[in-house]
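Trainee: Sharing a model prediction with you, sequence too.
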There are 2 protein chains.
Amino acid sequence: MSMNDGTDAGLFDDPRLTAMGLLAETFTALTAKMMPTLGASRLAATDFEVLLRLARSDCQRLRMTDLATQTALSTSGITRVVDRLADRGLVSRESCASDRRGSFAVLTGAGRELITDLVRSHVRDIDRWFTGLLTSDQLNALLSALRLVRDEVHPGATAGSGECAAARSALVQSLATVENEQ
Amino acid sequence: MSMNDGTDAGLFDDPRLTAMGLLAETFTALTAKMMPTLGASRLAATDFEVLLRLARSDCQRLRMTDLATQTALSTSGITRVVDRLADRGLVSRESCASDRRGSFAVLTGAGRELITDLVRSHVRDIDRWFTGLLTSDQLNALLSALRLVRDEVHPGATAGSGECAAARSALVQSLATVENEQ
DNA sequence: CGCGGATGATTGTCATAGCAATCATTGTTA
DNA sequence: TAACAATGATTGCTATGACAATCATCCGCG
């Protein structure tokens, strides 16, 4: 290896560079292994992620902006993912009582059903191609290292959690203080 | 947390699922941190990856198919990346002497210069957001776990390496029979 | 109050990448 | 050697997602 001619022979073999490459290769190949299961339901990876995050959230709902923060998508990307999912009846939009600019994406019953089935298969895939290949010590070491990095590069990982209580109280208040405008 | 109503309360908290989520979150947020450096040269992540793989290869060249195998791109995707890079003078195409269907993407001098500069900055980014956050023990544990997974999900990680000797002998013996094994 | 800036969401436009079809070449088999 | 299957690469078509502009609403300050 490393038969590069030139003066900067070691530059492209820098261990930090290969570490990043290994992370990238592993993740992209791993997600590729997950595609058949998702594709069977004609869902893209982002659609799956949005459904999953909704399923995990209180009241099965998240604000568009929070979805954008939690995922790697822009707000316009979220708008379109939710458009597609809403067309298929898997989520619905609900306007926010306390801030009429905002809307929630809410998992429907059909969406809940689909994501539940899908997650079961998905967990099997994860086990087959990822977690099942490692001893629990290896896995724990991997995860704690990843957590250190994640906490630094993605502080907003749980944006919007706990909105349900706020939404409920906002609803109650908006009913109490009767519409005083138009 | 986990105030999910329903019968499958634990399903979305399965540790394997959160492990996969952590890997995905970490990688996508990490690559997002790398974008400013790449964007400064108006390169997308895939363009960067292709340039880097060429720079690492013997004779600064790879077959289109090998590029496709090494990256997560389809062959048509590779065609288009190389189109763009060739338009900017960073790579050129060379037809293969031993198989006239094939072509090589070859790094030009300008491409070599750009990727060299870029990798220096990129390594600083990696250090800042990834490897520098971990002790060397943590990093080694992370990498060896990733390697186990990578070797399982992406066996073709080094497809096309060692083509240079074959290409050279093909050039020399272009009138003789040249074998081109896997 | 009412103006001005900030924020949540959507839309127009564009670049990117996958799939399927196509073309050229190679290898295989009868 | 002639047919035919397989391979390398490219192109047409389409879907996806980012950026910038836009619209509506909210909040702060005089």
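Mentor: Nice, thanks for sending it over. Numbers count the residues shown, from 1 in each chain, chains lettered A, B, ... in the order given.
Trainee: Tell me which helix or strand the closest residue to DNA strand D within chain A sits in.
Mentor: Of all residues in chain A, residue A:77 sits closest to DNA strand D, at 2.7 Å by Cβ to the nearest atom of the strand. C-beta coordinates here come from the backbone N, C-alpha and C atoms, glycine included. Using DSSP states H and E, residue A:77 sits in helix A:75-87.
Trainee: Now do the buried residues in that helix.
Mentor: Buried residues in helix A:75-87, counting neighbours by 16 or more other Cβ atoms under 10 Å in any protein chain shown, are found at A:78, A:81, A:82, A:85, A:86.
Trainee: Which residue ranges of chain A form helices?
Mentor: Here chain A has its helices, by DSSP state H, at A:15-40, A:45-56, A:64-70, A:75-87, A:109-129, A:136-153, A:163-176.
Trainee: got the contact list for the second one?
Mentor: Just to be clear, that refers to helix A:45-56. Helix A:45-56 is touched from outside by A:31, A:34-35, A:38, A:43, A:60-62, A:67, A:70-71, A:73, A:77-78, A:81-82, A:84-85, A:90-91, A:105-107, A:111-112, A:114-116, A:118-119, A:122, B:4, B:12, B:24, with contacts defined as Cβ atoms under 8 Å, 6 or more residues apart in numbering or on different chains.
Trainee: Low-confidence stretches in chain A?
Mentor: A:1-9, A:156, A:159-182 (pLDDT under 70).
Trainee: centroid residue for it?
Mentor: residue A:49 (4.1 Å; Cα atoms, centre = their mean).
Trainee: thinking again about what came up before, which ones are touching the residue of chain A closest to DNA strand D?
Mentor: Contacts of residue A:77 by Cβ under 8 Å, 6+ apart are A:46, A:68.
Trainee: Can you get me a residue count around the closest residue to residue A:150 other than its chain neighbours?
Mentor: Leaving aside its sequence neighbours, residue A:150 sits nearest to residue B:26 (Cβ to Cβ, 6 or more residues apart in numbering or on different chains; 4.3 Å). Residue B:26 has 25 neighbouring residues, counting by other Cβ atoms under 10 Å in any protein chain shown.
Trainee: With residue A:146 as the reference, measure out to residue B:26.
Mentor: For residue B:26, the distance to residue A:146 (Cβ to Cβ, to the nearest Å) stands at 5 Å.
Trainee: Can you give me the end-to-end span of stretch A:57-66?
Mentor: Length of stretch A:57-66, first residue to last, Cα to Cα, to the nearest Å: 11 Å.
Trainee: How about the residues of chain A by DNA strand C?
Mentor: Within chain A, the positions near DNA strand C by Cβ under 7 Å from any atom of the strand are A:63-66, A:75-76, A:78-80, A:82-83, A:93, A:96, A:99, A:101-104.
Trainee: tell me the contacts of the nearest residue to residue A:91 once chain neighbours are set aside?
Mentor: Spatial nearest neighbour of residue A:91, excluding adjacent residues (Cβ to Cβ, 6+ apart): residue A:85 at 4.4 Å. By Cβ under 8 Å, 6+ apart, the residues touching residue A:85 are A:47, A:50, A:51, A:91, A:105, A:111.
Trainee: biggest separation within the residues you listed, which pair?
Mentor: A:47 and A:105 (11.7 Å; Cβ to Cβ).
Trainee: And those two? Which one has more around it.
Mentor: Under the criterion of other Cβ under 10 Å, the comparison of residue A:47 against residue A:105 puts residue A:105 first, with 28 against 20.
Trainee: can you tell me which residues contact the more buried one?
Mentor: A:50, A:54, A:61-64, A:67, A:78, A:82, A:85, A:91-93.
Trainee: I'd like to know which of those are buried.
Mentor: Buried, going by 16+ other Cβ under 10 Å: A:50, A:54, A:61, A:62, A:63, A:64, A:67, A:78, A:82, A:85, A:91, A:92, out of the contacts of residue A:105.
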